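Q: Take a look and give me a structure for this.
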Amino acid sequence: MQVQLLVGDRKGRFPGSNCLLIKGARTRVLVDAGCRRDQIHGVKHSIDAVVYTHIHPDHITYHELLEGVPSYIPAYDASFPTIQEMAKRYAPPYWRDWISYIKAVFNLESLPVAHKVYDAWDTIKIGDVVIDAIPAYGHTKGHHVFIIGSHVHLADIDLTSFGPWYGHPESSIENIIADIKMVHELGGKSHTTSHKELLYNSDQVSEALNRYKYALCRQFTNTLMVLRGLVPSTPQEMVNMGAIYKRKIPGAEKVMEYFEYEMITKILDFLVAKGIVGKNREGYYLKRDIDEETCYSML
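A: Take a look at the predicted model:
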């Protein structure tokens, strides 16, 4: 099997996203549908199936262009088959704002239909293409890393300088740390992600994963910096102070504020468990400071 990274708009940076084209001797499979419209048009008549790493707007943007192509969707994600259900899953208090946001940014009116579903650790066989679906649930409960022969597609373990994203109620910092460790142990001769235009070899991906952990630590130390000036404080009071997002997408402010609130809350609770942050009736407070190196060794 051969793989080809189809780099999306903005070099794959959100709201752009990459696709992966898998070429067997007789079968061609597309992974995700968030790359450029012209790329989807270019492959839609030659692919035998589309397999989604998870159902997120940036990974399904042009799914409607693939009508009639069999689609494989994670079983958990398939249990939320409408945009409204997905909105209530991902942004419960602001689900209407979330729908407005994805319609404006992605022009999404529907979700892909699950012709077939797969579960964690399943081996997906489509003709002579074989994909092993590895759960990586720090990002979402439906998110999977794919192993295709000696290639590993990391999906939204995206190795960006922003670092891990865990703004949904179901996301988990502890699982993200476990996911990074898991990818270190998977091996693989080549690696791609959904939001970088690079093809990594084994040494390069190891270095990139280390940088990714440092980016997570930067989110931690930025949060502590805000907390230091507001002690004691609540996560809601810390939103819009640069701990996670330096800017908000126009029209998506409420949704992004909610995601930032979720991430700050997870960071603070994680650091409470580590004895770095305390919590009382008035909110969270700093017990001891840490730098990125200390954070990295702690993870």
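
Q: what's the lengthiest strand in the chain packed up against?
A: Ranked by number of residues, the top strand in the chain under DSSP state E is strand 129-135. Packing partners of strand 129-135 (3 or more Cβ pairs under 8 Å, 6 or more residues apart in numbering; DSSP states H and E): strand 28-31, strand 123-126, strand 144-148. To be clear about C-beta, it is placed using only N, CA and C from the backbone, and glycine gets the same treatment.

Q: Would you mind giving the ones you listed as JSON lines with mean neighbour count and distance to Y212 added?
A: What follows is the helices and strands packed on strand 129-135, written out as JSON lines (neighbours: other Cβ atoms under 10 Å; distance: least, Cβ to Cβ, whole Å):
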{"stretch": "strand 28-31", "mean neighbour count": "24", "distance to Y212": "21"}
{"stretch": "strand 123-126", "mean neighbour count": "14", "distance to Y212": "26"}
{"stretch": "strand 144-148", "mean neighbour count": "23", "distance to Y212": "14"}
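
Q: ok so, going back, tilt between the longest strand of the chain and strand 144-148?
A: 150 degrees (axes from the mean of the first three to the mean of the last three Cα atoms, to 10 degrees).

Q: Can you give the contact residues for strand 129-135?
A: Applying Cβ atoms under 8 Å, 6 or more residues apart in numbering, the contact partners of strand 129-135 are 1, 22, 24, 27-29, 31, 48, 51, 74, 118-124, 143-149, 182, 186.

Q: Show me how this protein divides into domains.
A: Taking automatic domain parsing as the reference, the chain has its domains at 2-201, 211-298.

Q: Let me have the ones you listed in a markdown table, extended by mean pLDDT.
A: Output for the domains of the chain, formatted as a markdown table (pLDDT from 0 to 100):
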| stretch | mean pLDDT |
| --- | --- |
| domain 2-201 | 97 |
| domain 211-298 | 95 |
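
Q: any idea which of those domains is most buried?
A: domain 2-201 (a mean of 19; mean count of other Cβ atoms under 10 Å).

Q: got the CA coordinates for stretch 17-25 in PDB?
A: In PDB, the C-alpha atoms belonging to stretch 17-25 read as follows (Å, rounded to 0.1, in the frame of the first residue of the first chain):
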ATOM      1  CA  SER A  17      -7.600  19.900   7.200                       C
ATOM      2  CA  ASN A  18      -5.600  17.200   5.300                       C
ATOM      3  CA  CYS A  19      -6.900  14.000   3.800                       C
ATOM      4  CA  LEU A  20      -4.900  10.800   3.200                       C
ATOM      5  CA  LEU A  21      -5.200   8.800   0.000                       C
ATOM      6  CA  ILE A  22      -4.400   5.100   0.400                       C
ATOM      7  CA  LYS A  23      -3.500   3.300  -2.800                       C
ATOM      8  CA  GLY A  24      -3.600  -0.500  -2.800                       C
ATOM      9  CA  ALA A  25      -2.900  -2.600  -5.900                       C
END
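
Q: isn't there a strand covering L209?
A: No. Counting by DSSP: H, G, I helix; E, B strand; the rest coil, L209 is not part of a strand but helix.

Q: Can you give me the distance of it to D203?
A: Distance, L209 to D203, using Cβ to Cβ, to the nearest Å: 11 Å.

Q: try V69
A: 36 Å.
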